[in-house]
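Asks: need coordinates for the below:
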Amino acid sequence: MMLPEIIYKLFGEGKELNALQMADRAFVMFFITLILIRVAGMRAFGQKSAFDMIIVIMLGAILSRAVTGDSAFLPTLAAGAVLAIVHRLLALLSIFNETIGAIIKGSKTILFKNNKVIKRNMISCSISYKDLQEEVRLILNETTMDNVEEIFMERSGKISIVKKINEIH
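Replies: Predicted coordinates:
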């Protein structure tokens with residue numbers, strides 16, 4: 001048996017794949033995906049910003065097509081590689097250019113300052129006052145906003161709280 005025949009027998013072609021061929025494709029695609037994740041960078045899987053979630057969703061959607069035979073293997077791999085490289089390049093550009101960083105990753109939004117909620121920002125972030133109170137309880141372990149200086153919705157979608165500095169007079 002020649003190499004092309006062995007490859008065809010192991011990996012099949014098109015949508016008519018048997019269980020062993022799909023398993024072989026999944027095995028190979030696992031390692032290819034691991035390489036592409038390394039290319040994209042670990043931040044994509046740690047940060048969970050919209051920018052980072054795009055690579056997770058799209059890599060999964062695109063690379064799964066090669067496993068199931070819905071798309072040709074090499075063009076699917078090329079599309080996945082382009083996504084990983086573009087993600088990495090945009091992440092690097094955003095390090096050196098704040099404008100690009102704000103466009104790609106967003107910016108923090110202030111929700112609470114000077115003992116007042118900033119209602120329009122809370123509405124744009126879909127955050128209620130009860131959500132803020134919950135975060136104060138979870139993060140500061142307090143039941144009131146008395147010790148809160150500021151609250152932000154960060155670029156990642158997480159809420160951060162800056163505690164008031166107690167001044168001694």
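Asks: pLDDT score for K119?
Replies: K119 is assigned 96 on the pLDDT scale.
Asks: ditto for the one 3 residues further on
Replies: Confidence at M122, expressed as pLDDT, is 93.
Asks: longest helix in this structure, please.
Replies: Counting by DSSP state H, the longest helix found in the chain is helix 73-96.
Asks: in it, what's buried?
Replies: 73, 76-77, 79-81, 83-84, 87-88, 90-91, 94 (16 or more other CB atoms under 10 Å). No exception for glycine: its C-beta is placed from N, CA and C like everyone else's.
Asks: same thing with stretch 113-122?
Replies: Residues of stretch 113-122 classed as buried by neighbour count (16+ other CB under 10 Å): 117-118, 121-122.
Asks: quick check: the residue lying closest to L83 once chain neighbours are set aside vs T76, distance?
Replies: Distances taken as CB to CB, 6 or more residues apart in numbering place M58 nearest to L83, at 5.5 Å, with adjacent residues excluded. Here the criterion is CB to CB, to the nearest Å. By it, M58 lies 12 Å from T76.
Asks: just S64 next, same as before
Replies: From S64 to T76 the distance is 9 Å (CB to CB).
Asks: what's the strand or helix carrying Y8 packed up against?
Replies: Secondary structure from DSSP states H and E places Y8 in helix 3-11. Packing partners of helix 3-11 (3 or more CB pairs under 8 Å, 6 or more residues apart in numbering; DSSP states H and E): helix 19-40.
Asks: now the angle between helix 73-96 and the helix it packs on, please.
Replies: Between helix 19-40 and helix 73-96, the angle comes out at 20 degrees (axes from the mean of the first three to the mean of the last three CA atoms, to 10 degrees).
Asks: ok, now which ones touch L140?
Replies: By CB atoms under 8 Å, 6 or more residues apart in numbering, L140 lies in contact with 147-148, 161, 163.
Asks: by mean pLDDT, flag the weakest helix or strand of this protein.
Replies: Lowest on mean pLDDT, DSSP states H and E among the helices and strands of the chain sits helix 43-46, with a mean of 57.
Asks: shared neighbours, M58 and T76?
Replies: Common contact partners of M58 and T76 (CB under 8 Å, 6+ apart): none.
Asks: low-confidence stretches in the protein?
Replies: 41-48, 167-169 (pLDDT under 70).
Asks: how does it divide into domains?
Replies: Residue ranges for the domains of the chain, per automatic domain parsing: 3-103, 108-163.
Asks: these two touch, right, A66 and A26?
Replies: No - using CB atoms under 8 Å as the test, A66 is too far from A26 to be in contact (9.4 Å).
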